[in-house]
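Asker: Following is a predicted model, sequence given first.
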Amino acid sequence: MPRDGGIGASTKRREDIRFLTGNGNYTDDINLRGQAYVHFLRSDVAHGRLRKVDASAAEAMPGVLRVFTGEDFVEIGGIPCGWQVTDRFGEVMQEPKHPVLAHGKVRHVGDPIAAVVAETRAQARDAAEAIVLDIEELPAVVDMKAALEDGAPKVHDDLTSNLCYDWGFVEENKAAVDEAFGKAAHVTTLELVNNRLIANPMEPRVAVADYNRSTGDYTLYTTSQNPHVIRLLMGAFVLGIPEHKLRVVAPDVGGGFGSKIFHYAEEAFCTFAAKALNRPVKWTSSRSEAFMSDAHGRDHVTRIELALDADNNFTALRTETHANMGAYLSTFAPSIPTWLHGTLMAGNYKTPLIYVNVRAVFTNTVPVDAYRGAGRPEATYQLERVIDKAARELGVDPIALRRQNFITEFPYATPVAVEYDTGDYHATMDKLEEIADLAGFAARRKESEARGRLRGLGVNCYIEACGIAPSNLVGQLGARAGLYESATVRVNATGGITVMTGSHSHGQGHETSFAQVISEMIGIDADQVEIVHGDTANSPMGMGTYGSRSLAVGGSAMVRATEKIINKARKIAAHLMEAAEGDIELKDGRFAVAGTDKSVAWGDVTLAAYVPHNYPLADLEPGLEETAFYDPSNFTYPAGAYACEVEVDPDTGRVTIERFAAADDFGNVVNPMIVSGQVHGGIGQGIGQALLEACAYDEQGQLLTGSYMDYAMPRAGDLPFYQVDHSCQTPCTHNPLGVKGCGEAGAIGSPPSVVNAVVDALRSAGHDITHIDMPLSPSRVWQAMQS
Amino acid sequence: MPEVSMTVNGKPAKGQIEGRTLLVEFLRESLSLTGTHMGCDTSQCGACVVHVNGRAVKSCTMFAAEAEGAEVTTIEGMAEPDGTLHPIQAAFQDHHGLQCGFCTPGMVMSAAALLKDNPTPTEAEVRDYLEGNICRCTGYHNIVKAILAASGQDVSRIAAE
């Protein structure tokens, strides 16, 4: 049994109270005295030459303070990209300029052209309508393959083409992979689309910026998953503000799912305008703006081939992917289809030879970047779909084919550059078969058929690389940042602890789970521990929360800092009890001399640290506060097996999820309740991708899904209860908590099982169908049944 | 500017507003009751649900002026004055029915309206009723479970972890 409030306990979340009572403090809840409001006038054409922006009438409107245009930002740095990919020929990617406000051209619907700052939000909005635009509309490129054809309209006139990069991985293996395909007993090929999605955290983005003319300091409140990263990117690369003069605060943030990692033009604009106008400036995105300005996710088109020998062993894998970058390079965009995708193509299998080719393409669409899973869902989807197809072609059980090819010995060096430290894929598959009651499927299918419904079962595995990431490695791969994490542990005189972490919680419950770790280490009540995050003014440089990295990297930094605290406290305790330091044991919040009944309480030691009357001042500084930076030595590799059962209405093509089960291996688990919640949410988004969600553009680059009336967000009625399990635990071997990360697993692991299940259902009725592209809407499924 | 007055969480409230001011804007900006959230601009997401004269209403769909003289309850009015959570709020915490917390006020207010009309709903009725409340974090599992639990039904057979 875990101790109450310690590691392994499903402690209720402390942050819930403020959220449940309406006392959260989200960015839009922050209002600064004298603030003005900005409204962005956005392009309603996908591609056009910006001939003239006439704001004279708008500037004369009531309450308008100033109208800014691209001309005001000509001398200002553009929005930077944080990752430079090198292509298969050794050349660096094409990297276009990304102005804060469009200049010369507009490149996607939603590209901001002008910003009106006024006394009220309504006045700013009204005045924006009085701006007269002269835009010469140009042909737009939306389809990736068309964008790469000779003579295609160029998104950026100063680039040689719309190709950002042509990446091959591992390039040296290409000939060997091709040779293996020549010798294969069987080759399965599949072409598929990983549909473009919009992250849609329920809180739209907001920025409130302030400039203090007395000190010259800036403060930006913003909806970010990583305030230090925003401070660095915006301060150093856009506005030229030194970090010590810029404070970035990300208070309560209403979900992110990747879309709030990136540095966006709107927050740079507000910070710039706050000084220009000497007024705090606030922008609150509407949902409609969010659809055309938040970075989108996924949008890959892939051809995957799997080679097998006569015994059904996987011998080689080859993929060609087109990845949409949109009109500009968002912060981490180039890394998603490459290093977060190609390196995962081995999956859970010992395929010896793999070659991945990715062509990243500029189009007249919103920039595309990380969305929950980021590259790993795309890898998993292709691989787990092609394996299912191979099993059908070969007439073998899809689970047996997977099991036959599982990696079983660890550490395992894949042919795509990563080394899995630990795992047990048979164990998670065994657990899945149990919790999903796969043995009972045949009876359930019979029952469905009796009601005139088709029933299908889909299973898949997944692996992901989390705990992002070893800095020296990602530096070699093109990252322009380190990916360590930081923590300061400040022990107060009376024994309470304040932890300042560089991780950021926007739904993950760190205030509860991080406190459980400290409680376990020291043996004090978790109530004695406060977790502070989201403010560059009080926490050391941190990289924030994404890539399921918070506990694995941020938690590890906190453990290291706490270990330093305990070491120092042990010295103080030894002094207080006149004992040898080596004899001091910490247990249940007391330091004891081993083998004696002498002990001092945690609070006695902390008090001595700050009131050092009886204290080894010659050897030890007073105070009890330590900082640690933790840089992981490897990624972590959560893995698991998922099963989905669907019913298909043969008359309408409507798919319903009847059962969904997930068996995950996250290594050690700190708060099982929170971990289950993370998996639930990920599955909800994964089912959303598989059945409902698609961001659609027409051929002219008009966004067809620009609101919740057109973009099908999963509702409660679309989803079932999920059976989730994380009792299979192979602890991570290289971080102090043995944790792997759980935030993205559900979104990575669920789409293939849904599609596998629908294909299975249709085939059970004799339809010779091998694939349907997501989302599996009733019309697509119905059409597939007619063919 | 016209003046509007109403009763909010049992207390009289009034303010001078533009005619086009939405109820949600009046609550958030004039009364600083920021627990009611705006998650969309098409009346889909339900983060702004409050009770007006005992009925669940999307406060982004109603002008503040339309609430003249009305009894309005927001999420801030749900707990007891001493801080004791409303049973629905408590059930959301007990069953981890929230993560980022942004949709939560609207979820709680909708759930309260549901249970008032239908004290022991089925799972399907809960899911159907929440059609106008979008959550992106939880996959709805623990929200549905929390509402069933708040209605006094046994949820122990629904997978906890």
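Answerer: Yep, it's here.
Asker: Helix or strand next in line after the host helix or strand of A:Leu220, which one?
Answerer: Per DSSP states H and E, A:Leu220 falls inside strand A:217-222. Going down the chain from strand A:217-222, the next helix or strand is helix A:227-232, by DSSP H and E.
Asker: what's that next one packed up against?
Answerer: Using 3 or more Cβ pairs under 8 Å, 6 or more residues apart in numbering or on different chains; DSSP states H and E, the elements in contact with helix A:227-232 are strand A:217-222, strand A:246-249. C-beta: built from backbone N, CA, C; applies to glycine.
Asker: tell me the most buried of those?
Answerer: strand A:217-222 (a mean of 24; mean count of other Cβ atoms under 10 Å in any protein chain shown).
Asker: just checking, what packs against that one?
Answerer: So strand A:217-222, by 3+ Cβ pairs under 8 Å, 6+ apart, packs with strand A:206-212, helix A:227-232, strand A:246-249, helix A:265-277.
Asker: Average pLDDT for the longest one, rounded please.
Answerer: Spelled out, that is helix A:265-277. Regarding helix A:265-277, the rounded mean pLDDT is 98.
Asker: Show me where the stretch 551-700 of chain A has its helices.
Answerer: Along the stretch 551-700 of chain A, the stretches classed as helices by DSSP state H, counting those that start in this stretch are A:556-577, A:602-610, A:672-687.
Asker: what's the closest of those to A:Val206?
Answerer: Closest to A:Val206 of the helices of the stretch 551-700 of chain A is helix A:672-687 (Cβ to Cβ; 22.0 Å).
Asker: With respect to A:Gln723, which of the helices and strands packed on helix A:227-232 lies nearest?
Answerer: Nearest of the helices and strands packed on helix A:227-232 (Cβ to Cβ): strand A:217-222, 38.2 Å.
Asker: Restricting to C-alpha, output the closest one in CSV.
Answerer: Only the C-alpha atoms of strand A:217-222 are listed here, as CSV (Å, rounded to 0.1, in the frame of the first residue of the first chain):
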residue,chain,number,x,y,z
ASP,A,217,10.7,45.9,-17.5
TYR,A,218,8.2,44.0,-19.5
THR,A,219,5.7,41.5,-18.2
LEU,A,220,3.8,39.2,-20.5
TYR,A,221,0.9,37.0,-19.2
THR,A,222,0.3,34.3,-21.8
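Asker: I'd like the helices and strands packed on helix A:227-232 as JSON lines, with mean pLDDT and distance to A:Thr69 appended.
Answerer: Converted to JSON lines, the helices and strands packed on helix A:227-232 look like this (pLDDT from 0 to 100; distance: least, Cβ to Cβ, whole Å):
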{"stretch": "strand A:217-222", "mean pLDDT": "98", "distance to A:Thr69": "22"}
{"stretch": "strand A:246-249", "mean pLDDT": "98", "distance to A:Thr69": "25"}
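Asker: could you redo those as JSON lines and give each row distance to A:Ala307?
Answerer: Below are the helices and strands packed on helix A:227-232 laid out as JSON lines (distance: least, Cβ to Cβ, whole Å):
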{"stretch": "strand A:217-222", "distance to A:Ala307": "48"}
{"stretch": "strand A:246-249", "distance to A:Ala307": "49"}
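Asker: so which of the ones you listed comes closest to A:Ala265?
Answerer: Across the helices and strands packed on helix A:227-232, closest to A:Ala265 is strand A:217-222 (Cβ to Cβ), at 12.2 Å.
Asker: Mind listing the strands that closest one pairs with, and their directions?
Answerer: strand A:206-212 (antiparallel), strand A:246-249 (parallel) (DSSP bridges).
Asker: Single out the most deeply packed of the helices of the stretch 551-700 of chain A.
Answerer: Most buried among these, counting by mean count of other Cβ under 10 Å: helix A:672-687, with a mean of 28.
Asker: Just say helix, strand or coil for A:Tyr531.
Answerer: I think there's a mix-up here, since residue A:531 is Ile and not Tyr. Assigned with DSSP: H, G, I helix; E, B strand; the rest coil, A:Ile531 falls in the strand class.
Asker: who's in contact with it?
Answerer: A:Ile531 makes contact with A:Val499, A:Thr501, A:Ser505, A:His510, A:Glu511, A:Phe514, A:Ala515 under the criterion Cβ atoms under 8 Å, 6 or more residues apart in numbering or on different chains.
Asker: Helix or strand: which one has the residue nearest the centre of chain B?
Answerer: By Cα atoms, centre = their mean, chain B has its centre lying nearest to B:Met109, at 2.5 Å. Per DSSP H and E, B:Met109 falls inside helix B:104-117.
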